[in-house]
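J.: Please find the sequence and the predicted model below.
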Amino acid sequence: MAGAGTAVSLAGCLSQEGPGSEGGEDWEPSETMRYIVPYDEGGGTDVYARGIVEPLTDAMGQDIQIDNIPGGGGLNGFGELYSSEPDGHTISGSAVPLEVTPQLLEDPGFDQRELEGLGIIGRSTWCLIVNEEYEGEVETFDDVREKHNSGEWESIGIQEPGSPQHIMTLLAKHEPEYADEYDWQWEEQVQYTGTGPIAEAVTSGEVPCGIGTDAGTRPNVDSGGVYPVCTFYSEGTDVYPDIPSVTDEGYPSMDFVAGVNRGLYAPPETEQNIIDELASRIEEATQDDRYEEWSEETGNPIFFEGPDAANAAIDDAFEEFQNLNIVDLVEEHS
């Protein structure tokens, strides 16, 4: 067994330096893999991890251990990945751009932009949901806006300062590029810990409306407690294909913060042949019938976009946040 292990190790070293290594054909996982989820169990990133883990285990040919490391707005888990050996046996899920604001607000001692993208396996979009009491009366974003501007509605449910929902409401109120069109002047933004609590608060009437992810609000929509009015993502949502986006209604796009990319990443300095092989096996898992069945059952959209898309998701989010001075906006109005 020791001899076989040595042979595998040597083959791995040779494949990284020899001809043909760019295709990743000479590397493969040789031990149990660790899949870091930088959030608590039950959140969107965790749900995607558990949805794909069975087909991904078969694609990798090794057991996969899901390791939830919450805290720091996702940066605790990213920090663990950052310091892991770049040998292909540790990967992490993500929810870009959720992790961008925490890094900009307080330096964590590393830069998540140095992580190596492996691919994007799905996307969630932020949707505006309304208590079923108003069905037939409030059907568009304009209707919600009018309910607030008339003084009938005073509060909206969102997540903590720096969250995408919080940023969107701040842009719609304070940033001229958006505020001139949206003119959304919410004074009372009630903060919850996630989409589930937001949907429950809207269902109970604690707040008349709220912003949550499409798949995360679906259980409450299916049970009849709330209904979706629109999505803030310009391409719409597969979960609610019949609702418009705010851009369909003539408002400026907020796509850089309105969609949550379910990405997978490896530690910095991971060799290219390892990245290529991991990406290939992740793509294989996304095409597995079991993953597609999970998608149909849960409403979580699935697809595969490669390493370049995963890297661009982080880089583009940082660029947009910095161009719009999001950190100053959050600090000034939180």
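T.: Happy to help now that I have it.
J.: give the contact list for Gly44.
T.: By Cβ atoms under 8 Å, 6 or more residues apart in numbering, Gly44 lies in contact with 95, 124, 195, 213, 215-216, 260, 262, 300. Using the backbone N, CA and C atoms, a C-beta is placed for each residue, glycine as well.
J.: ditto for Gly79
T.: By Cβ under 8 Å, 6+ apart, the residues touching Gly79 are 72, 108-110.
J.: That one sits in which helix or strand?
T.: Using DSSP states H and E, Gly79 maps to helix 75-82.
J.: And the following helix or strand past that helix, what's buried?
T.: Once helix 75-82 ends, the next helix or strand along the chain (criterion: DSSP H and E) is strand 90-93. For strand 90-93, the neighbour count (16 or more other Cβ atoms under 10 Å) marks 90-93 as buried.
J.: which secondary structure elements does strand 90-93 contact?
T.: Secondary-structure packing of strand 90-93 (3 or more Cβ pairs under 8 Å, 6 or more residues apart in numbering; DSSP states H and E): strand 33-37, helix 44-60, helix 75-82, strand 259-266.
J.: Average pLDDT for that strand, rounded please.
T.: The average pLDDT within strand 90-93 is 98.
J.: now swap in stretch 268-278 and tell me
T.: Stretch 268-278 carries an average pLDDT of 97.
J.: follow-up on the earlier one: please work out which of the helices and strands packed on strand 90-93 is packed deepest.
T.: strand 259-266 (a mean of 25; mean count of other Cβ atoms under 10 Å).
J.: That one vs helix 75-82, what angle?
T.: Between strand 259-266 and helix 75-82, the angle comes out at 30 degrees (axes from the mean of the first three to the mean of the last three Cα atoms, to 10 degrees).
J.: And strand 259-266, what does it pack against?
T.: Using 3+ Cβ pairs under 8 Å, 6+ apart: strand 259-266 touches helix 44-60, strand 90-93, strand 116-131, helix 272-286, helix 307-323.
J.: Buried ones among the contacts of Gly79?
T.: 72, 108, 110.
J.: Looking at the backbone only, give me phi and psi for the residue nearest to the spatial centre of the chain.
T.: With distances taken as Cα atoms, centre = their mean, the residue of the chain nearest its centroid is Ala95 (2.7 Å). Phi and psi for Ala95, reported as degrees, to the nearest 10, are phi -140, psi 50.
J.: what does Asn300 give?
T.: phi -80, psi 120.
J.: List the residues that contact the nearest residue to it once chain neighbours are set aside.
T.: The shortest distance from Asn300 to any non-neighbouring residue, by Cβ to Cβ, 6 or more residues apart in numbering, is to Ala215 (4.5 Å). Applying Cβ under 8 Å, 6+ apart to Ala215 gives the contacts 44, 47, 124, 239, 298-301.
J.: one step back: tell me which of the buried residues of strand 90-93 is nearest to Pro176?
T.: If you rank the buried residues of strand 90-93 by distance to Pro176 using Cβ to Cβ, Gly93 comes first, at 35.7 Å.
J.: Can you name the residues that contact the closest one?
T.: Contacts of Gly93 by Cβ under 8 Å, 6+ apart are 35-38, 45-46, 48-49, 262-264.
J.: Which of the residues you listed lies at the shortest distance from Glu80?
T.: Closest approach to Glu80 among the contacts of Gly93 (Cβ to Cβ): Ile36, at 5.8 Å.
J.: residues touching that closest one, list them.
T.: 67, 69, 77, 80-81, 90-93.
J.: Give me the nearest residue to it, chain neighbours excluded.
T.: Ser92 (3.9 Å).
J.: Dig out what that neighbour forms beta bridges with.
T.: With DSSP bridges applied, Ser92 shows beta-bridge pairing to Ile36, Tyr265.
J.: Could you measure from it over to Gly44?
T.: Distance of Ser92 to Gly44, computed by Cβ to Cβ, to the nearest Å: 14 Å.
J.: Need the helices and strands packed on strand 259-266 in CSV (columns: distance to Ser334).
T.: As requested, those are arranged in CSV below (distance: least, Cβ to Cβ, whole Å):
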stretch, distance to Ser334
helix 44-60, 23
strand 90-93, 27
strand 116-131, 19
helix 272-286, 36
helix 307-323, 15
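J.: Of all the ones you listed, which one is nearest Leu171?
T.: Between Leu171 and those, the shortest gap by Cβ to Cβ is with helix 307-323, which sits at 10.9 Å.
J.: Work out the gap between that closest one and the centre of the chain.
T.: 13 Å (Cα atoms, centre = their mean, to the nearest Å).
J.: try stretch 200-210
T.: With Cα atoms, centre = their mean, you get 23 Å for stretch 200-210.
J.: Let me know whether the residue nearest to Ile36 touches Thr45 as I believe.
T.: No. Taking contacts as Cβ atoms under 8 Å, Ser92 lies outside contact range of Thr45: 9.2 Å.
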